[in-house]
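Participant: What follows is a protein structure lacking sequence information:
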């Protein structure tokens, strides 16, 4: 996979070009790279920055963490944009559509301004393909609400919207499933003295409300908050005492943080009416805490306006996620709206005053309603005290239940550690096998590259000897072009080797069989659209060879690229000579 063959990327919407985020799946955090491998020699230029003809490929790259995926995506996008700028190509996407690109090519003549689509650069813009909506995991399955007797787990999803008239996402965004269906154990009365174990205290979320995220509009979730004490500067305190967050002086309380594109607030109750921190978003700064993976500081205009925000659970990406969203809401989401001056209108003023009066009446009624609710809460508290007195009779039974729960938890932890140890051993063995296999494959591919480079060098030398002295200057330019071409081929093959190493996910035995496979060239053919038998043969072949690989199965069924896909499937990367022969005899020769 070469940078030059990646489809063009607009500079104002970098994730809507040849490199796109694909979401989170069981294989990991994935993104997609679209390339076009030209049939002839190709180099990006101000007049031609995408190959017009060639083999279209889609690379699906999955990594273990979101951070690694973002880092690799940004690296590929930056290198592609740098290549475009070096060749005098500047691409910007229209505001209404991500697929129609406005191409501003700044060259010497300043006259070759061409506005075409990225797909073909033709006068007639091709109709964009429909893309269905898909679910992306926003928050994974939560812990079971009960340890026995049947509880509930919750999964939160976010719909990646459809494009170009595609089908919308199906199903609910918040899903539940049952868990821990086993019945709770029955306590048996014994005459032995009760031994009280140490209580296990767990912090639960402040509210039952799900985490909400609406890009550039709203982000809210449950957190731990450390409130600033009088006369204490949190930044200076952390510098003096790095263990301040773990000391008894630091008091953590459950809270709810709400951020919009205008302000950020922290509340300490589920009704969101008890504010402990609020500030305008433009006057707040987010500061990371040294040696802390789960906490950061929100600093307002003054030193007295400080608060520490920590994750409810151990999430390594908590700070990275909030740092990115904070910068997004504060800088990138800000849009200047035009100010419209309204003409003086006495009737409008009168309506405004009437509206203000109605609003005051509503506020007074709400205050009265709150006062009534407060009196009802006081009565509820008195009833609660009576219930607490009654519950003291069941204290011994609760202690037994807690002891039993601790024993079950210890057994579960021991079993999980044993399973993790066995899986780690298997993983190390598979990694050793994979390293040995990749080493042998790399040596074979380097040998093939050396032979090809040597043959190209011989051809170049023979051409130089045969040319007359009158064409020396012309031949020197041709030699430079050939050297650049060899470098481009070498860079492409290096990137191809690295990409294959990164995409090695399946078992070692299957990969070895794939790389050394010598199949039947007769299975590959250029299908005739008028023959239904060809479409049936394509369906049978793709189902037999890509039944477990959905992306490659869909690409295999495309009639225009079926022959090339078949040759690549029948002859592994080690059999480059046979694969090229298959291309020439079965794909190119039959056109």
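Facilitator: Looks like it arrived, so ask away. What you see is a predicted model; the values in this text were computed from it and never measured. Numbering: from 1, shown residues only.

Participant: where's the helix ranked longest in the chain relative to the chain centroid, distance-wise?
Facilitator: Across the chain, the longest stretch assigned as helix under DSSP state H is helix 395-466. Distance of helix 395-466 from its chain centroid, counting by CA atoms, centre = their mean, to the nearest Å, is 21 Å.

Participant: just checking, next helix/strand downstream of it?
Facilitator: Per DSSP states H and E, the first helix or strand lying C-terminal to helix 395-466 is helix 472-502.

Participant: what's the average pLDDT for that next one?
Facilitator: On average, the pLDDT along helix 472-502 is 84.

Participant: wouldn't residue 541 be in contact with residue 557 here?
Facilitator: No - contact between residue 541 and residue 557 fails when scored by CB atoms under 8 Å: they sit 9.4 Å apart. (Each C-beta comes from the backbone N, C-alpha and C, glycine too.)

Participant: Compare the two and say which is more crowded by neighbours.
Facilitator: residue 541 (20 against 17; other CB atoms under 10 Å).

Participant: element containing the more buried one?
Facilitator: helix 532-545.

Participant: Show me what that helix is packed up against.
Facilitator: helix 550-556, helix 562-570 (3 or more CB pairs under 8 Å, 6 or more residues apart in numbering; DSSP states H and E).

Participant: Now do the longest one against helix 532-545, angle only.
Facilitator: So the one you mean is helix 562-570. In terms of direction (axes from the mean of the first three to the mean of the last three CA atoms, to 10 degrees), helix 562-570 departs from helix 532-545 by 30 degrees.

Participant: in helix 562-570, what counts as buried?
Facilitator: By 16 or more other CB atoms under 10 Å, the buried positions in helix 562-570 come out as 562-570.

Participant: thinking residue 467 is in contact with residue 475, fair?
Facilitator: Yes - at 5.1 Å, residue 467 counts as touching residue 475 under the criterion of CB under 8 Å.

Participant: For the two, indicate the residue with more neighbours.
Facilitator: residue 475 (17 against 13).

Participant: quick one, what contacts that one?
Facilitator: Neighbour list for residue 475: 463-464, 467 [criterion: CB atoms under 8 Å, 6 or more residues apart in numbering].

Participant: one step back: roughly how far is the helix holding residue 541 from the heart of the chain?
Facilitator: 34 Å.

Participant: average pLDDT across that helix?
Facilitator: For helix 532-545, the mean per-residue pLDDT is 87.

Participant: Let me know how buried residue 544 is, in neighbour terms.
Facilitator: Neighbour number of residue 544 under other CB under 10 Å is 8.

Participant: quick one on the thing from earlier: can you check which of the helices and strands packed on helix 532-545 gets nearest to residue 428?
Facilitator: When those are compared by CB to CB, helix 550-556 sits nearest residue 428, at 29.2 Å.

Participant: Could you measure from residue 439 over to residue 463?
Facilitator: 37 Å (CB to CB, to the nearest Å).

Participant: Relative to residue 228, how far out is residue 302?
Facilitator: Residue 302 sits at a distance of 11 Å from residue 228 (criterion: CB to CB).

Participant: Neighbour count for these two, which is higher?
Facilitator: Taking other CB under 10 Å, residue 302 and residue 228 do not tie; residue 228 has more neighbours (18 against 9).

Participant: Ignoring the adjacent residues along the chain, who's closest to the more buried one?
Facilitator: The spatially closest residue to residue 228, leaving aside those adjacent along the chain, is residue 306, at 4.5 Å (CB to CB, 6 or more residues apart in numbering).

Participant: Would you confirm that that neighbour contacts residue 229?
Facilitator: No - assessed by CB under 8 Å, residue 306 is found out of contact with residue 229, at 10.1 Å.

Participant: more neighbours, those two?
Facilitator: residue 306 (20 against 12).

Participant: Quick check: phi and psi at that one.
Facilitator: The phi/psi pair for residue 306 (degrees, to the nearest 10) reads phi -140, psi 150.

Participant: re the thing from before, can I get the helices and strands packed on helix 532-545 in TSV with distance to residue 415 and mean pLDDT?
Facilitator: Compiled in TSV, the helices and strands packed on helix 532-545 are given as follows (distance: least, CB to CB, whole Å; pLDDT from 0 to 100):
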stretch	distance to residue 415	mean pLDDT
helix 550-556	34	86
helix 562-570	43	88
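
Participant: Which one of those helices lies nearest to residue 146?
Facilitator: helix 550-556 (36.7 Å).

Participant: quick one: the closest residue to residue 518 other than its chain neighbours and residue 59, what's the gap?
Facilitator: Among residues not flanking residue 518 along the chain, residue 575 sits closest, at 6.0 Å (CB to CB, 6+ apart). Distance, residue 575 to residue 59, by CB to CB: 21 Å.
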